[in-house]
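# Output the structure for:
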Amino acid sequence: MSTTADRPWLSLYDESAPPDIELEHESALAMFASSVQRAGDRPAIRYYDAELTWNDVDRLSDALAVGLADLGVAPGERVGLYLQNVPQFVIGMVAAWKAGAIMVSINPMYKAREVKEILDDSGATALIALESLYGSVAKDVVGDTAVKAVVTTSPLDFLADGEAPGSVAGVERERHDGTHDLLELARAHEGETPAPVELGPDDVAFLTYTSGTTSAATSA
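Reported below is the predicted structural model:
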């Protein structure tokens with residue numbers, strides 16, 4: 001039984017605030033599945049003028065999860081996401097959960113030394129990265145880490161037909177030896193369902209690292 005002795009903040013709660021919150025979902029993946037069931041045809045992601053529904057994200061993340069498993073990603077392993085704000089971040093995150101893995105977000109501003117430190121510290125065995133970030137930064141360090149599979153993707157993916165917004169107008173696709181294209185990997189496993197995983201409230205969903213931009217204390 002909770003008391004104000006071991007949880008002193010409870011004394012600040014008014015009568016309408018319960019001391020404990022009952023979880024609606026057992027895991028973030030279960031919460032995602034609930035959203036798909038409730039609003040599958042509704043937009044989940046808007047990317048410039050394009051939209052992806054919850055069903056789209058579910059289907060793509062299913063296929064990518066199967067692809068990651070085929071590349072050797074096992075439950076409990078870490079999958080690094082070295083991406084900008086693109087739909088692939090959400091798809092890769094959910095795919096990692098569906099594979100039973102833990103998502104590791106990597107700041108797209110990080111350079112080679114910082115990327116290697118995070119890959120080493122997290123023990124990531126797979127990396128999903130923008131083609132440009134992989135080519136200019138990550139490819140020089142992944143060989144010295146535990147990463148065994150690299151999936152690359154482009155910010156041009158998922159744009160509406162004929163769309164080329166100013167922020168990506170000059171982007172060119174780059175394929176790198178030894179890597180797998182995210183959409184090609186998903187298409188290769190389209191319609192497949194990953195093996196069920198059991199995730200609960202005590203399982204780790206994310207490993208996140210501070211960028212140290214707030215103060216010296218936060219980077220300690």
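# got the contact list for the closest residue in space to residue 84 that isn't next to it in sequence?
What sits nearest to residue 84 in space, not counting adjacent residues and going by Cβ to Cβ, 6 or more residues apart in numbering, is residue 108, at 5.1 Å. C-betas here are computed from N, CA, C, even on glycine. Counting by Cβ atoms under 8 Å, 6 or more residues apart in numbering, residue 108 touches 82, 83, 84, 130, 133.
# I'd guessed the fourth one sits against residue 85; true?
This points to residue 130. No: taking contacts as Cβ atoms under 8 Å, residue 130 lies outside contact range of residue 85: 10.8 Å.
# Comparing the two, which residue is more hemmed in?
Neighbour count, other Cβ atoms under 10 Å: between residue 130 and residue 85, residue 130 has more, with 25 against 10.
# coming back round to it: which of the contacts of residue 108 are buried, as a PyMOL select command?
Buried members of the contacts of residue 108, identified by 16 or more other Cβ atoms under 10 Å, are gathered into one PyMOL selection as follows:
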select buried, resi 82+83+130+133
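# quick check, nearest of the contacts of residue 108 to residue 181?
residue 130 (11.8 Å; Cβ to Cβ).
# List phi and psi for the closest one.
Here is the backbone geometry of residue 130 (degrees, to the nearest 10): phi -60, psi 140.
# list the helices and strands the lowest-mean-pLDDT helix or strand in the chain packs on?
Sorting the helices and strands of the chain by mean pLDDT, DSSP states H and E puts strand 206-207 at the bottom, at a mean of 94. Counting contacts by 3 or more Cβ pairs under 8 Å, 6 or more residues apart in numbering; DSSP states H and E, strand 206-207 is packed against strand 102-105.
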